[in-house]
Structure formats: C-alpha cells, structure tokens
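# Got a sequence here, can you build the structure:
(one chain, ligands or ions: 1)
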Amino acid sequence: MADSSIFSKIRAGEIPGDILRETERVFVLRDIAPQAPVHLLVIPKSEQYRNVVELAAGDPSLLAEMVRVAGELAAEHAAPGDFRLVFNTGPDAGQTVFHVHAHVLAGALTEGSLAN
Ligand code: 5GP
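Residues are numbered from 1 along each chain as shown. Predicted coordinates for the structure are as follows:
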C-alpha cells in the first residue's frame, strides 16, 4: 500500500500541524507556507481522490462539503467573508500533494500567490 500523504500523517499526529477543525469527512489544516493572510487547506479524510476532477466525478457530495466548510472558514477568519478557493490540479499547475485539497485564501494576496 502507498505511504500516507503528508496531510494524513499530520492528521494522525505523526508530524506536527495546526488542525483547526474536523467534520465527519473533512479536516482543516493551516498551510505551513501561507500565501495570503488567511491560507487554510480543506482536505477529505479519505485519500481516495488525487485531484478535484477525480473527486467531482467520484463523490460530488464530498466536494460540496469541502466548499461549504470553506465558506464557513471564510466567514470566521476573513472579513467580510470573501475568499478564493483554489484547487491546483496536476504538477504543471503547481500541485505538489496528490491527496485532493482546497486552498482557502483570503485577505490581501502576496506576490506570486497560488491564486494569481
Ligand atoms: P499544492 O501545491 O499541492 O496545491 O498544495 C500543497 C500545500 O500543502 C502547499 O501550500 C504547502 O505549503 C502545504 N504543505 C506542504 N507540506 C506541509 C506541511 O507539512 N504542513 C502544512 N501545514 N502544510 C504543508
């Protein structure tokens, strides 16, 4: 079996990380290298899907839950609750972790940000 992703290792407590929230199916991690004042990652607990295209095809309700949680986080962490939701998809688009995750970015974005 393949090794767990870095995100699963953090969730399991094998390596440190700042987990802000868990629902039944997703968890929220503060990005270690923030590219905006608010930079959170919404991650399914399952590693079944490598990217958002696979996720949308395989489990649209899980994708919808990720979007709902992203909206809740933005309402809590960003005034007035506006945010960007980024799914890097494929290495040429900057994806480095192949366990699907949504970047929730809010506030003034820094130069070279994922979202620009
Ligand atoms: P991707 O490049 O795959 O879209 O996003 C991966 C994200 O995971 C990056 O923004 C990166 O900063 C973040 N990341 C990578 N390793 C760690 C880690 O060990 N801890 C945390 N909290 N975030 C990480």
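
# Near the ligand, which residues of this structure are found?
Within the chain, the residues that sit near the ligand (C-beta under 6 Å from any ligand atom) are 6, 10, 17, 29-33, 88, 94-97. Yep, even glycine has a C-beta here, placed from its N, CA and C like the rest.

# could those residues go into CSV alongside pLDDT, distance to Val69 and neighbour count?
Converted to CSV, the residues of the chain next to the ligand look like this (pLDDT from 0 to 100; distance: C-beta to C-beta, whole Å; neighbours: other C-beta atoms under 10 Å):
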residue, pLDDT, distance to Val69, neighbour count
Ile6, 98, 20, 16
Ile10, 98, 17, 20
Gly17, 98, 17, 17
Leu29, 98, 12, 19
Arg30, 98, 14, 14
Asp31, 98, 15, 18
Ile32, 98, 19, 12
Ala33, 98, 21, 5
Asn88, 98, 18, 19
Gly94, 96, 22, 10
Gln95, 98, 20, 16
Thr96, 98, 22, 7
Val97, 98, 18, 13
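
# Put together TSV for the residues you listed, with secondary structure on each row.
Listed next are the residues of the chain next to the ligand as TSV, based on DSSP: H, G, I helix; E, B strand; the rest coil:
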residue	secondary structure
Ile6	helix
Ile10	helix
Gly17	coil
Leu29	strand
Arg30	strand
Asp31	coil
Ile32	coil
Ala33	coil
Asn88	coil
Gly94	coil
Gln95	coil
Thr96	coil
Val97	coil
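
# May I have the secondary structure class of Val42?
Secondary structure assignment for Val42 (three-state DSSP): strand.

# same question, Leu85
What three-state DSSP gives for Leu85 is strand.

# right, and it touches His101 too?
No. With contact defined as C-beta atoms under 8 Å, Leu85 does not reach His101; the gap is 10.9 Å.
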